[in-house]
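>>> The following block contains a protein sequence and its predicted model.
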Amino acid sequence: MKTIGLTGGIGSGKSTVAQFFKEKSIPVFIADTEAKKLYAIQGVVDEIVDQFGTDILVNQEIDRSRLGQIVFSDTAQLKKLNAIIHPKVHRAFETWLSRQNAAYIIYEAAIIFEHNRQSFFDATLLVTAPKSLRIERVMKRDSVSKAEVLRRMENQWSESRKVELADYILNNVKIEDTKQQVNRFDKIFHGI
């Protein structure tokens with residue numbers, strides 16, 4: 001079974017592309033979804049509070065917006081959070097992977113290249129889109145300002161830097177074109 005790392009910058013449309021693979025009955029692991037589940041586990045909450053203080057709590061739960069304001073404005077703080085979350089997500093992936101039976105699976109995560117994880121996969125697929133479209137998508141999706149989106153983007157590598165490392169590139173601008181590209185990559189990945 002082959003593993004395909006699906007990645008791209010914020011607002012590129014990774015989730016949309018992942019959904020199209022799911023519709024083709026390809027198993028998809030979404031790292032961000034798994035990470036969000038961790039915020040409901042008391043031991044993880046305790047680790048995060050130990051690192052970032054009780055100001056990030058609302059009704060004894062982590063306020064991800066408050067935490068985001070801290071980590072997306074300070075790369076050192078983001079690294080501390082990632083050190084807590086990423087190993088746990090990876091363990092969850094390994095467990096999930098052991099239960100799959102398919103020609104290939106998709107692992108969707110925003111920061112595969114930033115963490116030098118590309119060698120973990122048989123191939124990487126980078127989802128790209130023009131920066132202006134990515135900003136527009138995130139502003140609409142998350143109800144945040146352009147400045148907030150740009151701040152988040154600063155914590156990710158530029159698309160051009162990722163293009164140099166990616167095995168395959170999917171340009172996600174028009175939905176019908178995106179679906180056709182997914183169909184083409186599905187055939188390619190079955191043949192790897």
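It's in. What you see is a predicted model, and the numbers here were worked out from it, not measured in a lab. Numbering: from 1, shown residues only.

>>> For this structure, which segments count as strands?
Along the chain, the segments classed as strands by DSSP state E run 2-7, 28-30, 57-58, 61-62, 104-108, 123-128, 168-171.

>>> And the first one, what's buried?
What that stands for is strand 2-7. By neighbour count on 16 or more other CB atoms under 10 Å, the buried set for strand 2-7 is 3-7. All C-beta atoms are positioned from the backbone trio N, CA, C, and that covers glycine.

>>> Could you export these as TSV, including pLDDT and distance to Glu23?
Converted to TSV, these look like this (pLDDT from 0 to 100; distance: CB to CB, whole Å):
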residue	pLDDT	distance to Glu23
Thr3	97	19
Ile4	98	16
Gly5	98	20
Leu6	98	14
Thr7	97	20
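
>>> tell me which residues in stretch 185-192 are buried?
Across stretch 185-192, burial judged by 16+ other CB under 10 Å covers 185-186, 189.

>>> which residues are contacting it?
The contact list for stretch 185-192, computed with CB atoms under 8 Å, 6 or more residues apart in numbering, reads 2, 4, 21, 24, 26, 103-104, 122-123, 125, 168, 170.

>>> Likewise for stretch 86-100?
Stretch 86-100 is contacted from outside by 1, 3, 27, 29, 31, 34-35, 37-38, 44, 105, 107, 115, using CB under 8 Å, 6+ apart.

>>> switch to 10 Å and redo it
For stretch 86-100, the external contacting residues (CB atoms under 10 Å, 6 or more residues apart in numbering) are 1, 3, 26-27, 29, 31-35, 37-38, 41, 43-44, 47, 82, 105, 107, 109, 111, 115, 117, 120.

>>> Alpha carbons only: can I get that stretch in CSV?
This file holds the C-alpha atoms of stretch 86-100, laid out as CSV (Å, rounded to 0.1, in the frame of the first residue of the first chain):
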residue,chain,number,x,y,z
HIS,A,86,2.6,16.3,16.1
PRO,A,87,3.9,13.1,17.8
LYS,A,88,0.4,12.3,18.9
VAL,A,89,-1.0,12.8,15.5
HIS,A,90,1.7,10.6,14.0
ARG,A,91,0.9,7.8,16.4
ALA,A,92,-2.8,8.1,15.5
PHE,A,93,-1.9,7.9,11.8
GLU,A,94,0.2,4.7,12.3
THR,A,95,-2.7,3.1,14.1
TRP,A,96,-5.1,4.2,11.4
LEU,A,97,-2.8,3.0,8.6
SER,A,98,-2.5,-0.5,10.1
ARG,A,99,-6.3,-0.9,9.5
GLN,A,100,-6.3,0.2,5.9
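
>>> Name only those of the contacts of stretch 86-100 that count as buried.
Here, 16+ other CB under 10 Å leaves 3, 26-27, 29, 31, 34-35, 38, 44, 47, 82, 105, 107, 109, 111, 117 buried among these.

>>> Inside helices: which ones of these?
31, 34-35, 38, 44, 47, 82 (DSSP state H).

>>> about what we covered before: of the buried ones among the contacts of stretch 86-100, closest to Gly13?
Ala109 (14.2 Å; CB to CB).
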